[in-house]
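1. coords please:
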Amino acid sequence: MTRRLLPLLVSALLFGTAIGLYAEETDPIPESPPPQSGKASYYSDRLKNRPTASGEPYRPEKLTAAHRRLPFGTMVRVTRPKTGKSVVVRINDRGPYAGGRIIDLSRKAAEALGIVRAGVARVTVEVISLGE
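-> Sure, this is the predicted structure:
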């Protein structure tokens, strides 16, 4: 009996974990979400003029960013604790999908934080106002 139950238990655990991950990404955003800490990266210049998830073209010279869950139009303050530099950006895309990253910034935003050379840096993301 145990041999027959083991595959079912493993499947249930894997399926339950996948559902838990999906629910975390799709749960409603609280009215004032707490600040997030993690890594930020920035978009390649090769993506210039390509459409973002919101339909807007990517413009490296604008202060915009991609976030997995925040509504489009949300304004966030991104701060680099190491330097104290911060910038306010508008969410207009989805991502990043690289592990451990919480936000993808436009080139202008990355320049404001001084992360262009490094490519990736630890930041704190704080919601100023929720969009849509």
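2. can you give me the helices in this protein?
-> For the chain, helices defined by DSSP state H occupy the ranges 2-26, 107-113.
3. Comparing these by mean pLDDT, which bottoms out?
-> Note on the helices of the chain: lowest mean pLDDT is at helix 2-26, with a mean of 45.
4. Give the closest residue to residue 72 in space, chain neighbours not counted.
-> Leaving aside its chain neighbours, residue 72 sits nearest to residue 54 (4.5 Å; criterion: C-beta to C-beta, 6 or more residues apart in numbering). Just so you know, the C-beta spots here come from the backbone N, C-alpha and C atoms, and that holds for glycine as well.
5. my guess is the one you found meets residue 92, correct?
-> Yes: with contacts counted by C-beta atoms under 8 Å, residue 54 reaches residue 92, the gap being 4.5 Å.
6. between the two, which one's more packed in?
-> Ranked by neighbour count (other C-beta atoms under 10 Å), residue 54 and residue 92 place residue 92 first, with 23 against 17.
7. Now for the residue nearest to residue 116 when sequence neighbours are not counted: which residues touch it?
-> Leaving aside its sequence neighbours, residue 116 sits nearest to residue 110 (C-beta to C-beta, 6+ apart; 5.1 Å). Going by C-beta atoms under 8 Å, 6 or more residues apart in numbering, residue 110 touches 40, 42, 116.
8. ok, back up a step: which neighbours do residue 54 and residue 92 have in common?
-> With C-beta under 8 Å, 6+ apart as the test, residue 54 and residue 92 both reach residue 72.
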